[in-house]
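In: Return a 3D structure for these sequence lines:
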Amino acid sequence: MKKRGMRAVLALLAGTVLAACEEPVDLTLPTAEAVESSYEYAGGLEADINGNVAVLTVVQSSQQLRRGGTMWAKVGPYIFLFTEETHALFEAYPGLAGVRVVTRVRGGSQVASAVLGRSDMTGVQWRRALNIAGQARRDGTHSLTLLESLIRWGEDHTDFEYNSRFTSRR
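Out: Below is the predicted model of the structure:
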């Protein structure tokens, strides 16, 4: 065998041996029950696992949507996505690729949806997201600019969709 051919065989063999020596990747996923129990919400919440994405469906009050209009329709998913609970799910379950939050009104119509991927934010961005969302949850009803900031952050860091029935200006 020529030297070049021998090198190729040795390189292939070395690559195979190295790949066999790697630590197995933990792709553990949470159960729907584990996801649901991570979040506290009195308004109605269900969880499911779709592939390697946790899907959280939250009932948003139609009264809240009437009073808050477009802004409350858009902010719904981000209130749940940018939380310690979501961050903890990513930390605890290495196989979890994303978390999707879907907001609905009681009776079924989807209001909004947003999905956050595991690698969509750095540690610094997570801290910033938690700060923005925490301020919006605490003071958003009195300072609408906090809700607007959370919406902008969410739109910059997630794949989102809004139902125009709830978000178009009338």
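
In: distance of the nearest residue to Leu45 once chain neighbours are set aside from Asn163?
Out: Closest residue in space to Leu45, ignoring its immediate chain neighbours: Val58 at 5.3 Å, by CB to CB, 6 or more residues apart in numbering. Any C-beta I mention is one placed from the backbone N, CA and C, and that applies to glycine too. To Asn163, Val58 is 14 Å away according to CB to CB, to the nearest Å.

In: And stretch 135-150, what's buried?
Out: If you call a residue buried by 16 or more other CB atoms under 10 Å, then stretch 135-150 has these buried ones: 135-137, 140, 146-147, 149-150.

In: Please read the previous query as pertaining to stretch 93-110.
Out: 93, 96-105.

In: Can you list the residue ranges for helices in this protein?
Out: For the chain, the helices defined by DSSP state H cover 3-21, 32-38, 62-81, 84-92, 123-139, 144-157, 164-167.

In: who's more crowded, Val58 and Asn163?
Out: For Val58 versus Asn163, neighbours defined as other CB atoms under 10 Å are more numerous around Val58 (21 against 16).

In: Tell me the spacing between that one and Gly76.
Out: Val58 is 7 Å from Gly76, where distance means CB to CB.

In: do the same with Val53
Out: In this view, Val53 and Gly76 are 18 Å apart by CB to CB.

In: between those two, which one's more packed in?
Out: The neighbour comparison of Val53 against Gly76 (other CB under 10 Å) goes to Gly76, with 28 against 17.

In: State the distance from that one to Glu91.
Out: Using CB to CB, Gly76 is found at 24 Å from Glu91.

In: Do you know the pLDDT at Ala114?
Out: Ala114 carries a pLDDT score of 98 in this model.

In: Go ahead and confirm Val99 touches Leu89.
Out: Yes: in this structure, Val99 is within contact of Leu89 by CB atoms under 8 Å, at 6.4 Å.

In: Common neighbours of these two, please.
Out: Residues touching both Val99 and Leu89 comprise Ala54, with contact defined as CB atoms under 8 Å, 6 or more residues apart in numbering.

In: gap between stretch 101-116 and the chain center?
Out: Put simply, stretch 101-116 sits 13 Å off its chain's centre (CA atoms, centre = their mean, to the nearest Å).

In: Give me the residues contacting it.
Out: Applying CB under 8 Å, 6+ apart, the set of residues contacting stretch 101-116 from outside is 44, 53, 55-62, 65, 73-74, 76-78, 80-82, 86, 98-100, 154, 157-163, 165-167.

In: How about stretch 64-77?
Out: 58, 60, 101-103, 105, 111-114, 136, 140, 144, 147-148, 150-151, 154, 158, 160, 162-163, 166-169.
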